[in-house]
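Novice: Below are the sequence and a predicted model for it; my questions follow.
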Amino acid sequence: MSERLTRVLQLGIVLVVAVVAAVVSWFIFFDIPADLTDLLGVLLVIATVVAAIQLGGRIANAAFPSYDVAEVAVEGPITRDGGRGPIPGGAIGTPADDIVEQIDAASEDTHAEALLLKLNTPGGEVLPSDDIRRAAAEFDGPTVAYATDVCASGGYWIASGCDELWSHDASVVGSIGVIGSSVNASELADRLGITYERFAAGKYKDAGNVLKEPTDDEREYLQGLIDDYYDDFVETVAEGREMDPETIRETEARVYLGEEASAIGLVDELGTRADVEDRLAALLDRDEVTVEEFTPQAGLMARLRGSAERVAYSFGAGVASTLDADDGFTFRF
């Protein structure tokens, strides 16, 4: 169905709904009640028609969608539940399950022929990030990732599941690395007279516990986990981005501005949002595309909280995937 015909059908539905509402409201609010003033009746008719036009527009958009590209945004740190922000009940980022749900909805929508994944994230937890990457990779159609402010660590992991990655020339891109950390408070505990009593089954169960000095063997064990995570990260990115693994290792987990990231192959193209839409139009072999944003349903207060918190977290790179063990040791991509 052509875009022009779609617009005509949408307009037709809106007009029909408006006319029906006008006729019904005229009889209900003006013609039948003899004690209502003419002015009140007219105002009620107008109010009803306006509401009907809005309803008709939603019905028309649902019946004859005019979009051909679905946009899903990944903003803020990536966690399973969106994380906890400074405002009670607020979320720092978008819950990964919600993002996956919207990508899946786009996959099932016959009108969404391509996927635009907007990335503005410093990274996030391992499995939630990978869930988003897999969902994008499984989309049946062209997929383009677009980095706005930051596409680092877990964000870059997600981008590796898309066909192309675009960014601004000043976007922050990269941070392909892994860090493991644990606070060592053993000396402070000694000064305070706090002792550590070990009750554990398994040699390495309490490796990295904050109240004891790690042994050389434990350090080697934990570093081995870091190395395994890093190898997996490099292999996944290399496969998804069709890059030489050694090129990725040579970045040494640095972040780059978009222009330099493009020069070394971390980014396919530099451009604006309009350039990205032109590219999607070329991939779909048409003159232009219409983008529809797929977002999870949320109340007004939740949306206001999310907007405020995303401003605070919109710029920051390097903090990505976290996996907290019960012994206090933390892994981060």
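Specialist: Nice, I can see it.

Novice: quick one: residue 104 and residue 135 touch, right?
Specialist: Yes: using CB atoms under 8 Å, residue 104 is in contact with residue 135, at 6.3 Å. C-beta coordinates here come from the backbone N, C-alpha and C atoms, glycine included.

Novice: between those two, who's got more neighbours?
Specialist: More crowded of residue 104 and residue 135, by other CB atoms under 10 Å: residue 135, with 23 against 15.

Novice: tell me which element that one falls in.
Specialist: Using DSSP states H and E, residue 135 sits within helix 126-137.

Novice: With residue 156 instead?
Specialist: helix 154-159.

Novice: Now do the same for that helix: mean pLDDT, whole number.
Specialist: The pLDDT scores in helix 154-159 average 93.

Novice: Which positions in the helix holding residue 135 come out as buried?
Specialist: Across helix 126-137, burial judged by 16 or more other CB atoms under 10 Å covers 126, 128-133, 135-136.

Novice: Give me the lowest-pLDDT entry from these.
Specialist: Among the buried residues of helix 126-137, residue 126 carries the lowest pLDDT, at 80.

Novice: Which neighbouring elements make contact with the helix holding residue 156?
Specialist: Packing contacts for helix 154-159, counted by 3 or more CB pairs under 8 Å, 6 or more residues apart in numbering; DSSP states H and E, involve strand 114-121, helix 126-137, strand 143-152, helix 216-241.

Novice: The same query, at a cut-off of 7 Å, please.
Specialist: On a contact count with 3 or more CB pairs under 7 Å, 6 or more residues apart in numbering; DSSP states H and E, helix 154-159 meets strand 114-121, helix 126-137, helix 216-241.

Novice: Distance of the residue lying closest to residue 254 once chain neighbours are set aside relative to residue 123?
Specialist: Leaving aside its chain neighbours, residue 254 sits nearest to residue 174 (5.9 Å; criterion: CB to CB, 6 or more residues apart in numbering). Residue 174 sits at a distance of 11 Å from residue 123 (criterion: CB to CB, to the nearest Å).

Novice: Overlap of the contact sets of these two?
Specialist: In terms of CB atoms under 7 Å, 6 or more residues apart in numbering, residue 174 and residue 123 are both contacted by the residues residue 152.

Novice: Residue 100: how many residues sit nearby?
Specialist: 18.

Novice: quick one, what contacts the nearest residue to it once chain neighbours are set aside?
Specialist: Once flanking residues are discounted, residue 100 sits nearest to residue 135: 4.7 Å by CB to CB, 6+ apart. Applying CB under 7 Å, 6+ apart to residue 135 gives the contacts 100, 103-104.

Novice: Leaving out sequence neighbours, find the closest residue to residue 180.
Specialist: If the residues on either side of it in the chain are set aside, residue 180 comes closest to residue 226, at 4.6 Å by CB to CB, 6+ apart.

Novice: so the one you found touches residue 178, yeah?
Specialist: Yes: between residue 226 and residue 178 there is a contact under CB atoms under 7 Å: 5.3 Å.
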